[in-house]
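K.L.:
3D, please:
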Amino acid sequence: MRENYWARRRLSRRTVLKTSVAGAVGAGALIAVGCGDDDDDDADAPATATQAAATQAAATQAAAAEAEATEAAAAQMGPTDGSFFSQYTGIAGTTLDLHQEQYRGIAYTAGNAYNNLLKFTDMDNFVISGEVARGLPEQPDEVTYNFTIRDDVSYHNKPPANGRALTMDDIRWNIDRNLTGGSAAGSYLNAPLYSKVSSVDYIDDTNFTVKVSEPQVTWLGDMTDEFNVIMYPEIGEKLLDENEFGVFSPDNIVGTGPFIFDEFVKEDRAHAVRNDDYFFRKDGTIPGMVDELFFVNLGGDINPQRLAFEQKQIDELASRDKAVMEEIAANNPDVEAFRVGDPNNNLEFAYNYTTNRALSDERIRTAMFLATDRALVAQQHFQGLGRPNPAVNWPFEAWALSQEELSQAPGYRQPKDQDIADARALWEQADAESHDDLDFRVTTVDFPQYVPLLEWFPAMLNTGLDTEKWSAQAIPVTSLLEYNQSGQASVGYLGGWDQWTSPDPRLRFAKVYAKHPDDGGKYGHFINFWKYTTPEMEGYIEAMFTEFDTEKAQEIIKEAQRFALTDAGSGHLQMVGGLTSWVKWPYLHRRGPFFITYGTTISQELWIDQSHPTFQGKQRPA
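P.N.:
Here you go, the predicted structure:
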């Protein structure tokens, strides 16, 4: 059984202040920022409290007991319909074609309209079940999957589907589409997954058989990917038109899922209503659902987000702003607060290992790798709530190199004296100062939280390497994929790298470290923008995908990470993965958070307890 990556508890103000320090960078711990004094000083106060204070204390205890009794009674009654769920999210992306989209914010929001053949029902323990498929496929051998689909699934009752039944022709269209690998508008995200399919036999209206070219250890799990949805064919064909590809409209969101969108404005807001014809609702699998979903973009400033949460315009809030999240929990003692290690909350520099005139020199890229101060990165970008990342992000505890091992690796050691000395020696040997300044200009995106990177990241490398070569620029986030794919980002991209969508990290690892498909790569993907490949890494990747013993596969991927440590990160300057702080109001009942969160995993099974005392004052978002 996989280890649970998160712990949750209700935190009083005092408990929040006492437990907010998470540790320090180094041997298996987090970077720590001290809390200062707590209000424990009242322990020394005289014992002669006033009668008024005693009365107030008794009333507070009685109210707390009543609230707990009310909450317990609601939990016994179980999920009920009604009210709405509202959440802050960025809603940034390039298209509503989920087969071609790359930004998880779109899958997290628009994905609530869709279903997959299969889904995770327990992400932490790798439990998969059927969604549109009736259970897991039968496997008569290691390369054959016999699927049976449900006969009670309908598309949304809106044009152009108008509530018609899902058919095997729709399944065929979705599979055939992904088998092509891409279109003129772009590449399909899950092309590597479908490239392993050798044949599909559509037997009748509810049964089909997939054969893969060779045993695929991760194939079933990877089929649950949140972008691997069942789209409506007419909409999918429409979005292949370059004039329609980037059109964000609820008319372009038609699925079979639990919610029907009637508003979707990129980078602003989205709204959906419950689909009462949803098959999991009709068969009683999901007994209670909210009436509506609201997604609102409140911008990158934490203060409007905080205000919206405290006014109950949004039901939960996630942020890496440690200080503010602690204040929220401290000032609102009823809220539930917790932290989760999220592999998609990270900072790394994916650099041009192959054709950049400077970084293609092993000495220069190794100097960069050694000079990176990961303790500083954690403080600057994660307010101390971060751990050093190897090539598999640290929340994958069974798959990632341990913090203890990392703490002794060049580039990760504290103090940095030896790393800096070695880095400067390599920099000088390579005559790095003779290179053009443009060879060291890194690119990030214009997210507000990334603006500080423009200053401190190049300053860190310039200081460590005793140079003035490094600089940074920001571009619009909507231009990033084109910028990387077109070769304009000749140095590399600095920012968060997500797409960690399965508790088994092998496929995501291969997408950036395996040989590019253009070069005949078996497991690679186009997000390996600069076509990194080495024989050593190819050997590790081939071995991990042919190993059915999980523990052995974990050791293979750890060896691949050790190799990356000797190769300046193998095209990825891994730095730090952060913890995400969450707060939510107790009237909100939802699963998770998991260390990887799918939007539909939450929305399908959340409900609002309208009898809970904290429900009073809940507002629709402004």
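
K.L.:
In the stretch 401-550 of the chain, where is pLDDT below threshold?
P.N.:
Under the criterion of pLDDT under 70, the regions of the stretch 401-550 of the chain flagged as low confidence span 485-489.

K.L.:
For it, which segments count as helices?
P.N.:
If DSSP state H, counting those that start in this stretch is used as the criterion, the helices of the stretch 401-550 of the chain fall at 403-406, 417-429, 453-465, 480-485, 506-513, 535-545, 550-566.

K.L.:
Over to the most centrally placed residue in the chain: give its phi and psi.
P.N.:
When the chain is reduced to its mean C-alpha position, the nearest residue by CA atoms, centre = their mean turns out to be Asn344, at 3.7 Å. Summarising the backbone geometry of Asn344 under the convention degrees, to the nearest 10, its torsions are phi -90, psi 0.

K.L.:
Go through the helices of the stretch 401-550 of the chain and pick out the most buried.
P.N.:
The highest mean neighbour count among the helices of the stretch 401-550 of the chain, using mean count of other CB atoms under 10 Å, belongs to helix 506-513: a mean of 24. Every residue, glycine included, has its C-beta placed from N, CA and C.

K.L.:
what does it contact?
P.N.:
Counting by CB atoms under 8 Å, 6 or more residues apart in numbering, the neighbours of helix 506-513 from elsewhere in the structure are 192-193, 217-218, 222, 350, 391-392, 497, 499-502, 523-525, 527-528, 532, 537, 541, 544-545, 553, 557, 560, 564, 570-572.

K.L.:
try 7 Å this time
P.N.:
For helix 506-513, contacts defined as CB atoms under 7 Å, 6 or more residues apart in numbering pick out 192, 218, 222, 391-392, 499-502, 523-525, 527-528, 532, 537, 541, 544-545, 557, 570, 572.

K.L.:
Dump it to CSV, keeping only the CA atoms.
P.N.:
This file holds the C-alpha atoms of helix 506-513, laid out as CSV (Å, rounded to 0.1, in the frame of the first residue of the first chain):
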residue,chain,number,x,y,z
ARG,A,506,7.3,6.6,-15.2
LEU,A,507,5.4,7.9,-18.2
ARG,A,508,5.9,11.5,-17.1
PHE,A,509,9.6,10.9,-16.4
ALA,A,510,10.0,9.5,-19.9
LYS,A,511,8.2,12.4,-21.6
VAL,A,512,11.1,14.7,-20.8
TYR,A,513,14.1,12.4,-20.6
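
K.L.:
Tell me the gap between it and the middle of its chain.
P.N.:
How far helix 506-513 lies from its chain's middle: 15 Å, per CA atoms, centre = their mean, to the nearest Å.

K.L.:
Would you map out the domains in this structure?
P.N.:
In terms of domains, the chain is parsed into 86-315+585-615, 341-579 (source: automatic domain parsing).

K.L.:
Now those domains in CSV, please, with extra columns for distance to Ile328.
P.N.:
Compiled in CSV, these are given as follows (distance: least, CB to CB, whole Å):
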stretch, distance to Ile328
domain 86-315+585-615, 6
domain 341-579, 14
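
K.L.:
closest to Asn332 out of those domains?
P.N.:
Taking CB to CB, domain 86-315+585-615 is the member of the domains of the chain nearest to Asn332, at 6.4 Å.
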